[in-house]
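> got a sequence here, can you build the structure:
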Amino acid sequence: MAMEVTVGPPVLTINNGDTFLITELDGSIANASDQGLYSRDTRYLSGYELYINGKRWTLLNSGAIAHYASQTHLVNPLVVTEEDTTILPGTVGLLLGRTLEDTLHDDIDIRNYSGKHVHFILEVLLRSDFADIFEVKAKELTRRGQIDTAWDSDRQELATRYARGDFHRSLIVRLSCRTKAVYANGRIAFEINLQPGDAWRTCCKYDLEADGKLRAAHATCLEAHDTTESAHSLANWKQVTTQVTTPNEEFYRLYRQSVEDIAALRLPRDEEHPQELLVAAGVPWFVAVFGRDSLIASLQSIIVFPDFARGTLQRLGDLQATEVDAYRDAEPGKIPHELRRGELAHFRRVPHTPYYGTADATILYIITVLEAWKWLGDDFLFPHHKEVVLRCLEWIDRYGDRDGDSFQEYQTRSEHGYENMAWKDAGDSVVYPDGTLVKGPKALCELQGYVFDAKTRLAEAADYFGNPELAGRLRSEAALLQERFEERFWCEDIGYYAYALDGDKKPVKTIASNAGHLLWSGIVRPERARRVVERLLKPDMWSGWGIRTLSEENPAYNPFSYQNGSVWPHDNGIIAMGFKRYGFAREAAMVARDISEAASYFAFHRLPELYAGVKREAGSFPVQYLGANVPQAWAAGSVFHLLRALLGLDADAHLKELYVSPVLPRWLPEITLKKLRVGQARADLRFWREADKTRWEALAVEGELAIKER
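Presented below is the predicted three-dimensional model:
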């Protein structure tokens, strides 16, 4: 490996639930940056520096030792003290240890290696701006409320409070140290006296308060981080999720890191149900309840932990819209896109309370319910969510199809709404072949595929639960949609499906990756599948590091853009699933190789949200996208889709059957899955290549489960 690619500027990130910390590598939080301690869409800590006699410490090394803990090793620069003595550089060591549970705990450990007595002032600079995360991201900070800071010398506490009307946030820093600190000019100062070999420590606990509810920092120091609740939760997660072994070290490390990334992004459903979990979209910008992202991550994770879908379905069902609200793009039955809890949302300066500007989450909700039901075999799951599903179905037919032509269209009605409401939601992501922006309402191709899939699956469930009338109606509607879709979206002149129908119902003949989602949904006629596969693998779309979002031949193409030529791992995972569905196993393996090899260049083998769509050439490496979220849920989950495509995994827990159709490529000659769960049963499976054939065997089966090859 020639090099390791850093995703974005070199920073140190730890996260846990809805709280995360981003700092410089030396542990500082730079002024006028995106860095800080965030929780529930508010930045509680916006500045942090460590000083020795007014000078900054020197970084040796730092890193995250778990998703919730980090270490930073610092030493002193040259220091001249008031006694006219000199502390030579590198003779005093400082270890900054951080653990993040519900909030932050810092340990500052100092040791004197100089061989003589040292006397200096340690200063900790702290700033709090309580900025809303939307404003931080936009780099447009506006102070609307009042900030007050109070130092309690007796209690050794620094309290910084923000108030604007009924919106209140506070950061309370509690010190635990044998040396009494003083506070002035925004800095906590300690007078340090150390004999040769002596050590000194202080613990800094950061309590977070929101609207009168206090979350106190835990008392556990870094050296015991593996005894915390987070450590136990992570260990348990690794035990209950499907485990993988393979001689391909790169794929193994990618899978293992992805399992940990999903664990790091878990959120409680709400304060009353902390054990029911769903996944946040990604750090730093999307640590919140999301519709599309959480649903897709749940679908990806079906082969890893099928129960993961439960919390997602319950939380999003709880938030299903019940009325028309143009400001939030809400309509009865619609599943939300995003829920925020910061100052801007509190005062309705943004519509994210929640915001419903998504055209696909409502459809994906139905698909996720039925996929989870199929793998879990839980006949209480579908009835529990039945009313939500039926309201989703009604939204699809009434509001999703705006003009009654059987197709899903979207167009925002909110002054703060999103121009685009499918997974490519950047404002410039839907373009004509000449690169100009498409005018709405827009009927994107993949939305039609999702509806076909949802209605087909729902028909099967209706049959199972004794409603043949509904089943027949849904099958008829799906068949009619497929017929009309082929008539209106297939473009023989380009040998590909239209990206969308524009506001005039004319096909947008742009070559984009979205058609790969059509293969995943199954709406594509079999005789046209090969042409779609071949088109996606032409050089203008296939970069060698994955399939691009937009053709290189489009004037709007930019490999460094967000969605007009970049590569998204989750997009490629869905495409690989579609390739496999239509029998293109070799091509699915090509995509899997691209993404897994790209991951091997990124730090920790952790896939970012996206990376640049530059062409892969000899000696090259994947190029970062500066604003990518890392960790990011559906990027992590993409490897689960890739693995499922390679092995052809499917299940019917009601029949107590697991299906395999493995085609292993040369680069992945063997792989073993352990604790793969279908219903109440678990299986250990080994797959390996013999010449050009893939063999498999069941190593162990716990419970009643038949394993069949398709």
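> neighbours of residue 506, how many?
14 (other Cβ atoms under 10 Å). For every residue, glycine as well, the C-beta is placed using N, CA and C.
> in this protein, which helix has the most residues?
In the chain, with assignment by DSSP state H, the single longest helix is helix 468-489.
> which ones are touching residue 498?
Under the criterion of Cβ atoms under 8 Å, 6 or more residues apart in numbering, the neighbours of residue 498 are 445, 488, 489, 490, 491, 507, 508, 509, 510.
> next up, phi/psi of it, please.
The phi and psi torsions at residue 498 (degrees, to the nearest 10) take the values phi -60, psi 140.
> so where's this protein uncertain?
Scanning the chain for pLDDT under 70 picks out the ranges 1-3, 6-8, 84.
> I'd say residue 342 and residue 43 touch.
No: Residue 342 sits out of contact with residue 43 when judged by Cβ atoms under 8 Å, with a separation of 9.1 Å.
> in the stretch 101-250 of the chain, which spans are helices?
Taking DSSP state H, counting those that start in this stretch as the test, the helices found in the stretch 101-250 of the chain are 133-138, 229-240, 249-264.
> direction included, what does the helix or strand following the last one pair against?
Right, helix 249-264. Sequence-wise, the next helix or strand beyond helix 249-264 is strand 266-270, with elements assigned using DSSP states H and E. The strands beside strand 266-270 in its sheet (DSSP bridges) come out as strand 273-279 (antiparallel).
> quick check: neighbours shared by residue 342 and residue 43?
132, 133.
> hmm, back to that, mind checking which of the contacts of residue 498 are buried?
The neighbour-count criterion (16 or more other Cβ atoms under 10 Å) marks 445, 488, 489, 490, 507, 508, 510 among the contacts of residue 498 as buried.
> contacting residues for the second one?
Read that as residue 488. By Cβ under 8 Å, 6+ apart, the contact set of residue 488 is 407, 498, 501, 505, 507.
> now the nearest residue to residue 291 once chain neighbours are set aside. Its backbone dihedrals?
Ranked by Cβ to Cβ, 6 or more residues apart in numbering and with sequence neighbours excluded, the top spatial neighbour of residue 291 is residue 361, at 3.3 Å. Taking degrees, to the nearest 10, you get phi -60, psi -40 for the backbone angles of residue 361.
> next one: residue 361 from residue 368, what distance?
Using Cβ to Cβ, to the nearest Å, residue 361 is found at 10 Å from residue 368.
> between the two, which is the more surrounded one?
A direct count of neighbours by other Cβ under 10 Å for residue 361 and residue 368 places residue 361 higher, at 28 against 25.
> so that one versus residue 309, what's the distance?
14 Å.
> before we move on, what about residue 271?
Applying Cβ to Cβ to residue 271 and residue 309 gives a distance of 21 Å.
> the more surrounded of the two?
The residue with more neighbours, out of residue 271 and residue 309 and counting by other Cβ under 10 Å, is residue 309; that gives 25 against 7.
> just checking, what packs against whichever strand or helix holds the more buried one?
Secondary structure from DSSP H and E places residue 309 in helix 308-318. Applying 3 or more Cβ pairs under 8 Å, 6 or more residues apart in numbering; DSSP states H and E, we find helix 308-318 packed against strand 266-270, strand 273-279, helix 292-300, helix 361-376, helix 381-395.
> what comes up buried for the first one?
In other words, strand 266-270. Buried-residue list, strand 266-270, by 16+ other Cβ under 10 Å: 266, 267, 268, 269.
> mind putting these in CSV, distance to residue 554 included?
Formatted as CSV, the entries for the buried residues of strand 266-270 read as follows, by distance: Cβ to Cβ, whole Å:
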residue, distance to residue 554
266, 38
267, 37
268, 43
269, 41
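> tell me which of these is nearest to residue 440?
Nearest to residue 440 out of those is residue 267 (Cβ to Cβ; 32.3 Å).
> what residues are bridge-paired with the closest one?
On the basis of DSSP bridges, residue 267 takes part in beta bridges with residue 278.
> just checking, it touches residue 282?
No: the pair residue 267 and residue 282 fails to qualify as a contact (Cβ under 8 Å) at a distance of 11.9 Å.
> list residues touching both of these two?
Looking at what touches both residue 267 and residue 282 (by Cβ under 8 Å, 6+ apart), there is no common residue.
> among the helices of the stretch 101-250 of the chain, which is the most enclosed?
For the helices of the stretch 101-250 of the chain, average neighbour numbers computed from mean count of other Cβ atoms under 10 Å are highest in helix 249-264, which has a mean of 22.
> who touches that one?
With Cβ under 8 Å, 6+ apart as the test, helix 249-264 has contacts from 15-16, 67-68, 233-234, 237-238, 241, 244-246, 279, 297, 301, 304, 308, 596-597, 599-600, 604-607, 631-633, 635-640, 643, 668, 671.
> repeat that with 7 Å
The set of residues external to helix 249-264 that reach it, using Cβ atoms under 7 Å, 6 or more residues apart in numbering, is 15, 67, 234, 237-238, 241, 244-246, 279, 297, 301, 304, 596-597, 599-600, 604-606, 631, 633, 636-637, 639-640, 668.
> quick revisit: pull out the buried residues from the longest helix of the chain.
Counting neighbours by 16+ other Cβ under 10 Å, one finds that the buried residues in helix 468-489 are 470, 471, 474, 475, 477, 478, 481, 482, 485, 488, 489.
> likewise stretch 336-351?
Along stretch 336-351, these residues count as buried under the neighbour rule (16+ other Cβ under 10 Å): 336-346, 349-351.
> out of those residues, which sit inside strands?
Using DSSP state E to define strands, the subset of the buried residues of stretch 336-351 located there is 338, 339.
> out of the buried residues of stretch 336-351, name the ones that lie in helices.
Using DSSP H, the subset of the buried residues of stretch 336-351 located in helices is 343, 344, 345, 346.
> apart from its chain neighbours, what residue comes closest to the last one?
Just to be clear, that refers to residue 346. Leaving aside its chain neighbours, residue 346 sits nearest to residue 167 (5.0 Å; criterion: Cβ to Cβ, 6+ apart).
> what number of residues lie near the one you found?
Taking other Cβ under 10 Å as the neighbour definition, residue 167 ends up with a count of 18.
> that one touches residue 344, doesn't it?
No: in this structure residue 167 lies outside contact range of residue 344 using Cβ atoms under 7 Å: 10.0 Å.
> could you dump the buried residues of helix 468-489 to CSV with distance to residue 514?
Output for the buried residues of helix 468-489, formatted as CSV (distance: Cβ to Cβ, whole Å):
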residue, distance to residue 514
470, 30
471, 29
474, 24
475, 25
477, 22
478, 20
481, 17
482, 17
485, 13
488, 15
489, 11
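> tell me which of those residues is nearest to residue 28?
Proximity of those to residue 28 (Cβ to Cβ) peaks at residue 489, which lies at 52.7 Å.
> so who does the closest one touch?
If you count contacts by Cβ under 7 Å, 6+ apart, residue 489 has them with 445, 497, 498, 507.
> wait, doesn't residue 653 sit right on residue 376?
Yes: the pair residue 653 and residue 376 passes the contact test of Cβ under 7 Å, sitting 6.0 Å apart.
> now do the shared contacts for those two.
Applying Cβ under 7 Å, 6+ apart, one finds that residue 653 and residue 376 are jointly contacted by residue 679.
> pretty sure residue 326 sits against residue 414.
Yes: contact between residue 326 and residue 414 holds when scored by Cβ under 7 Å: they sit 6.1 Å apart.
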